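>>> Sharing a model that was predicted from the sequence below.
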Amino acid sequence: MGSVAREMVEKAGLNVEELVSKLVAAAGAEFTTFYYYTILRVAAIGMEGEGLKEIIEDARIEDRNHFEALFPRIYELGGELPRDIREFADVAGCPDAYLPDSLKGGKTPTSSSIKDLLMVLVEAERCAVRCYTDLCHFTFGKDHRTYDICAAILNEEIEHEAWFSEFIGEGPSGHFRRSQPGTSPYVSRFMSADHG
């Protein structure tokens with residue numbers, strides 16, 4: 001699979017094995033973040049957490065969409081996803097977005113625990129921004145398809161970071177929520193299945 005796609009990327013001077021490894025790490029981060037954001041969204045309850053729920057859901061579904069856009073490219077380049085989910089999580093390019101201790105056990109969020117939750121969210125997005133910036137630098141001018149996919153994901157990850165950083169008081173982002181959760185305005189063109 002992907003012999004010509006791989007050949008063209010190699011002829012452009014990219015180490016395809018390194019590229020596939022970076023893409024698998026990015027896909028692993030998206031997959032695990034989707035999982036962890038599910039838990040974080042469930043923990044966003046009460047007056048303090050309710051306002052975050054829809055924004056977490058937007059980012060959660062879009063991270064799933066990022067995984068859906070990435071994995072075909074891995075196979076097009078002759079790579080594959082790890083066959084064991086534990087191995088996949090271990091190679092994820094970003095740390096796990098664990099539920100903060102202050103919210104474990106179904107505790108009702110307080111201002112302090114919501115700030116803990118927001119720090120997990122914003123740090124996860126900042127890691128994603130770094131990951132896709134690296135992939136864009138790595139592929140620029142050498143692998144146009146991977147670059148386009150990663151640049152589209154980067155645009156959405158920057159917006160996710162901006163949404164959460166607003167909540168921790170880092171100033172207005174100028175970004176608005178999506179018309180529907182999980183719209184993926186930049187990435188949707190790379191997805192073959194209807195996720196609307």
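Cool, got the structure. Residues are numbered from 1 along each chain as shown.
>>> Buried residues of the top helix by length along the chain, list them for me.
When the chain is parsed with DSSP state H, its longest helix is helix 46-76. Judged by neighbour count (16 or more other C-beta atoms under 10 Å), helix 46-76 contains these buried residues: 48-49, 52-53, 55-71, 73-74, 76. (Glycine included, C-beta is placed from N, CA and C.)
>>> and it, what does it pack onto?
helix 16-43, helix 111-139, helix 144-167 (3 or more C-beta pairs under 8 Å, 6 or more residues apart in numbering; DSSP states H and E).
>>> okay, and for the chain, where does confidence drop off?
1-2, 175-177, 193-196 (pLDDT under 70).
>>> Go again with 80.
Applying pLDDT under 80 to the chain flags the ranges 1-2, 48, 106, 171-182, 192-196.
>>> With only the CA atoms kept, save stretch 55-66 in CSV.
Extracted in CSV, the C-alpha atoms of stretch 55-66 (Å, rounded to 0.1, in the frame of the first residue of the first chain):
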residue,chain,number,x,y,z
ILE,A,55,-16.4,23.4,24.7
ILE,A,56,-14.8,20.2,26.0
GLU,A,57,-17.2,18.2,23.8
ASP,A,58,-16.2,20.3,20.7
ALA,A,59,-12.5,19.6,21.3
ARG,A,60,-13.2,15.9,22.2
ILE,A,61,-15.1,15.2,18.9
GLU,A,62,-12.6,17.2,16.8
ASP,A,63,-9.7,15.2,18.3
ARG,A,64,-11.5,12.0,17.2
ASN,A,65,-11.8,13.7,13.8
HIS,A,66,-8.1,14.4,13.8
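>>> So what touches it?
With contact meaning C-beta atoms under 8 Å, 6 or more residues apart in numbering, stretch 55-66 is reached by 26, 30-31, 33-34, 37-38, 40-41, 44, 121, 125, 153, 156-157, 160, 163-164, 167, 177-178, 181-184, 187-188, 191, 195.
>>> next one: it to chain centre, how far?
Remark: stretch 55-66 is offset 8 Å from the chain centroid, using C-alpha atoms, centre = their mean, to the nearest Å.
>>> and if you look at stretch 19-28?
12 Å.
>>> Stretch 102-120 now?
Relative to its parent chain, stretch 102-120 has a centroid offset of 22 Å by C-alpha atoms, centre = their mean.
>>> Likewise for stretch 153-170?
Distance, centroid of stretch 153-170 to centroid of chain: 12 Å (C-alpha atoms, centre = their mean).
>>> Done for today, thanks.
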